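Participant: Here's my sequence, what's the structure:
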Amino acid sequence: MKDLDGIDAGVYVAGQIIVSDIPFLVNMGIHAIICNRPDGEAKEQPSFFVIQKAAVIYGIDAYYLPIFSSGVTESNIQDMMTLLSKGKYPLFLYCRSGKRSDILYKLVKKRMEEASHA
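Facilitator: So this is what the prediction gives:
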């Protein structure tokens, strides 16, 4: 892993990570990882359990919130809102390419902004 895309203050998104990327995330100050990639999407993909196990060793919380290719669901949005309310920033989201994570985060952020103006 060479780079992280900051999509908001304290929020970063990238494609699939591997265990050897965890020290880089630690050096970036990441406190939580949210995996938006379903296990088994590709043969070479490490399972969430493998990533979570490594993250915990480094003191990073890891959460599994898979977004399937069928798209973001209302349940995904609600679950992400719950995770974001835990305040574990900076946080890192990933999926295969980062696109689903980016879309989910932006939908949640919009929903939260609308709620605060209501």
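Participant: Where does residue 107 fall, secondary structure wise?
Facilitator: helix 99-117 (DSSP states H and E).
Participant: Tell me which stretches of the chain form helices.
Facilitator: 22-27, 48-57, 74-85, 99-117 (DSSP state H).
Participant: Among those, single out whichever gets nearest to residue 10.
Facilitator: helix 74-85 (10.3 Å; C-beta to C-beta). The way it works is simple: take the backbone N, C-alpha and C, and place the C-beta from them, glycine included.
Participant: Next, the angle from the closest one to helix 99-117.
Facilitator: Angle, helix 74-85 to helix 99-117, by axes from the mean of the first three to the mean of the last three C-alpha atoms, to 10 degrees: 70 degrees.
Participant: what's the average pLDDT for helix 74-85?
Facilitator: Across helix 74-85, pLDDT averages out at 94.
Participant: Please name the nearest non-neighbouring residue to the most centrally placed residue in the chain.
Facilitator: Closest residue to the average C-alpha location of the chain: residue 93 at 2.0 Å, with C-alpha atoms, centre = their mean. Among residues not flanking residue 93 along the chain, residue 101 sits closest, at 3.7 Å (C-beta to C-beta, 6 or more residues apart in numbering).
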